[in-house]
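Peer 1: quick one: sequence and predicted model below, then my questions.
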Amino acid sequence: MSRPVCIVGGFGQIGERLTRVFSAHGRPAIPTYCRHERPGAVQLDASDAGATARLMRQLNPWLIINSLNAKGGTDACEADPALARRVHFETARNLIDAAAQVGARFVQISTDYVFDGRQGPYAEDDSPAPLSQLGRAKLAAERYALGQSSEALVIRTSFVFSWTPESSTKNFVMQLLANDQSGTVMPVPNDQVGNVTYAPNLAQALVELVERGATGIFHVAGTTRCSKYEWALRVAERFGLRQELVRGVSTAEMGQVGPRPLKSGFRLEKVKALLRTTQLMSLDEGLAEMASEMRAIEPVAHP
């Protein structure tokens with residue numbers, strides 16, 4: 001039996017899509033969960049170094065992907081730097097060390113929060129300068145991965161969305177849909193700019209990069225770079241939501257504890273030059289794909 005892919009955090013919106021894509025490519029994929037048991041998955045608390053090493057010896061994967069969407073967001077991490085280090089660096093370090101022990105390749109999914117957001121869009125060789133505790137922990141994880149293995153792959157992405165009706169953690173587009181249903185006004189920052197990324201498209205690109213033997217840092221994101229407010233208005237237009245419920249405000253008005261990179265986003269020339277079968281999607285293309293998925297699922301979900 002061939003060695004599997006282990007997708008840590010396999011039930012986040014990126015991890016779940018990665019499991020699907022690898023399986024479609026004929027690659028055995030084993031997702032992990034931490035607290036809530038899932039069929040076909042294995043339990044792992046990656047903050048436990050010993051448990052992580054034991055599980056990886058048992059599974060003997062050829063590839064480990066860290067797609068953890070830890071319960072430690074920007075504001076929580078800013079208030080508690082130890083939390084940032086524990087959930088965004090130490091878990092990655094444990095996985096990287098375990099990968100080395102079993103001879104597995106390693107992929108770290110990272111973020112544009114490693115930049116300060118003053119001069120975006122950013123290329124892979126631009127100097128990181130994180131503003132937040134979360135960004136610093138993510139950068140430390142990147143550097144540890146690349147320092148431990150010349151075959152490590154770091155994927156930076158931003159503004160990820162997809163159709164995730166069963167997830168307890170709602171991405172930005174799912175929040176917009178829910179707020180429209182409840183009639184709740186949603187303040188949205190009009191000065192936070194990034195590349196909007198459709199999770200299934202990100203998963204396809206990541207799998208192709210792995211299969212092509214890519215190493216080092218790649219920026220992988222959608223081709224549309226815009227503010228979160230512009231993104232929200234495009235979502236409202238696509239799904240017929242009430243635009244008056246989306247209120248554009250400055251980041252300062254949001255009163256967020258953790259600093260965000262404002263003028264951020266990515267240059268994508270490097271990844272486009274390597275991809276052959278995957279075309280990175282625009283925001284409108286991603287929303288159209290999401291709408292198609294919703295239509296396919298809705299008759300089953302709502303008989």
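Peer 2: The structure has been received and is ready for your questions.
Peer 1: and the strand or helix carrying Gln101, what does it pack against?
Peer 2: Gln101 is part of helix 91-102 when elements are defined by DSSP states H and E. Applying 3 or more Cβ pairs under 8 Å, 6 or more residues apart in numbering; DSSP states H and E, we find helix 91-102 packed against helix 49-59, strand 63-66, strand 105-111, helix 133-148. (Glycine included, C-beta is placed from N, CA and C.)
Peer 1: show residues contacting stretch 228-243.
Peer 2: Contact partners of stretch 228-243, identified using Cβ atoms under 8 Å, 6 or more residues apart in numbering, comprise 159, 172-173, 176-177, 180, 183, 186, 188-190, 192, 194, 196, 226, 246, 248, 283-284, 287-288, 291.
Peer 1: show me what contacts the closest residue to Leu153 other than its chain neighbours?
Peer 2: Once flanking residues are discounted, Leu153 sits nearest to Val107: 4.7 Å by Cβ to Cβ, 6 or more residues apart in numbering. By Cβ under 8 Å, 6+ apart, Val107 lies in contact with 63-66, 152-155, 206, 210.
Peer 1: the same query, at a cut-off of 10 Å, please.
Peer 2: When contacts are counted by Cβ atoms under 10 Å, 6 or more residues apart in numbering, Val107 touches 5, 7-8, 18, 63-67, 95, 99, 145, 152-155, 206-207, 209-210, 214-215.
Peer 1: same check, this time on Arg260
Peer 2: Counted by Cβ under 10 Å, 6+ apart, Arg260 has contacts 74-75, 112-113, 117, 131-132, 134-135, 189, 191-192, 194, 228, 251, 254.
Peer 1: and the residues you listed, which are buried?
Peer 2: 74-75, 112-113, 117, 131-132, 134-135, 189, 191-192, 194, 228, 251 (16 or more other Cβ atoms under 10 Å).
Peer 1: tell me the two of those that are most distant?
Peer 2: For the buried ones among the contacts of Arg260, the farthest-apart pair by Cβ to Cβ is Leu134 and Asp191; their separation is 19.0 Å.
Peer 1: where does this protein have low pLDDT?
Peer 2: 1, 70-71, 168, 297-303 (pLDDT under 70).
Peer 1: what about the helices in it?
Peer 2: 13-24, 49-59, 74-79, 81-85, 91-102, 133-148, 172-182, 199-211, 228-239, 251-254, 269-274, 283-301 (DSSP state H).
Peer 1: got those as JSON lines, with distance to Ala123 columns?
Peer 2: Shown next, in JSON lines, are those (distance: least, Cβ to Cβ, whole Å):
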{"stretch": "helix 13-24", "distance to Ala123": "22"}
{"stretch": "helix 49-59", "distance to Ala123": "33"}
{"stretch": "helix 74-79", "distance to Ala123": "23"}
{"stretch": "helix 81-85", "distance to Ala123": "26"}
{"stretch": "helix 91-102", "distance to Ala123": "23"}
{"stretch": "helix 133-148", "distance to Ala123": "15"}
{"stretch": "helix 172-182", "distance to Ala123": "25"}
{"stretch": "helix 199-211", "distance to Ala123": "17"}
{"stretch": "helix 228-239", "distance to Ala123": "22"}
{"stretch": "helix 251-254", "distance to Ala123": "24"}
{"stretch": "helix 269-274", "distance to Ala123": "7"}
{"stretch": "helix 283-301", "distance to Ala123": "21"}
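Peer 1: residues contacting Gln192?
Peer 2: Residues in contact with Gln192 (Cβ under 10 Å, 6+ apart) are 117, 158-159, 226-229, 231, 250-251, 254, 256, 260-264.
Peer 1: hang on, the earlier thing: of the contacts of Val107, just the buried ones, PyMOL syntax please.
Peer 2: Buried residues among the contacts of Val107 (16+ other Cβ under 10 Å), as a PyMOL selection:
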select buried, resi 5+7+8+18+63+64+65+66+67+95+99+145+152+153+154+155+206+207+209+210+214+215
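Peer 1: of all the helices of the chain, which one is nearest Gly222?
Peer 2: helix 283-301 (6.0 Å).
Peer 1: give me the angle between the closest one and helix 228-239.
Peer 2: 50 degrees (axes from the mean of the first three to the mean of the last three Cα atoms, to 10 degrees).
Peer 1: ok now helix 283-301, how far from the chain's centre?
Peer 2: Relative to the chain's own centre, helix 283-301 is displaced by 20 Å; criterion: Cα atoms, centre = their mean, to the nearest Å.
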